[in-house]
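Asks: only the shape, not the letters, is given here:
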């Protein structure tokens, strides 16, 4: 399936000079949505996954579906102040600012195999922060999955050789 045909470019969002990759056309098409989820799950064939992390907020769309398909638990990683229990936090730089992510301190057990999923890999700051949180809790990162990889920004270089898979590369 040509997943790129379901991605809409939105110029100057969230600020001038940024071309936002809008995934909502893919999400509203049942065939594209199901095919994308199956393809993302297929990237893990033969690998054990205990937990699937979804990154706030668009990572929350596919991560629970992937967790269900893989027989794993789902763990939300949220922006600061959004989780109700004790958390670990990591700050990171975005291509258009800075932010902080948090995970519950009991979300991952030592030695659990973890898949990290988000919608876009751009500069790598968000994914690197999530990798840091997983490692602090003692998890082992199996892979980072993304719908879209903006490879020209070289974000994978911040992930310390963690395997990266994506449906679409620009």
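Replies: That came through, no problem. Quantities reported herein were computed from a predicted structural model and do not represent experimental measurements.
Asks: which residues of this protein score low on pLDDT?
Replies: For the chain, the stretches flagged by pLDDT under 70 are 94-97.
Asks: buried residues, stretch 72-86. List them.
Replies: Buried residues in stretch 72-86, counting neighbours by 16 or more other C-beta atoms under 10 Å, are found at 72-78, 83. For glycine as for every other residue, the C-beta is placed from the backbone atoms N, C-alpha and C.
Asks: mind listing which of those are in strands?
Replies: Here DSSP state E is the test, and those give 73-78 as lying in strands.
Asks: could you identify the most distant pair in the residues you listed?
Replies: Taking every pair in those and measuring C-beta to C-beta, the maximum separation is 15.9 Å, between 73 and 78.
Asks: circling back: so which of the ones in strands among the buried residues of stretch 72-86 comes closest to residue 92?
Replies: residue 77 (11.3 Å).
Asks: I figured the closest one hits residue 56, correct?
Replies: Yes - judged on C-beta atoms under 8 Å, residue 77 makes contact with residue 56 at a distance of 6.2 Å.
Asks: overlap in contacts of these two?
Replies: With contacts defined as C-beta atoms under 8 Å, 6 or more residues apart in numbering, the residues adjacent to both residue 77 and residue 56 are residue 101.
Asks: for the spatially most central residue of the chain, which three-state class applies?
Replies: Closest residue to the average C-alpha location of the chain: residue 118 at 1.7 Å, with C-alpha atoms, centre = their mean. When the structure is split into helix, strand and coil by DSSP: H, G, I helix; E, B strand; the rest coil, residue 118 lands in strand.
Asks: how about the contacts made by it?
Replies: When the contact criterion is C-beta under 8 Å, 6+ apart, the partners of residue 118 are 54-55, 58-59, 126-127, 130, 144-146.
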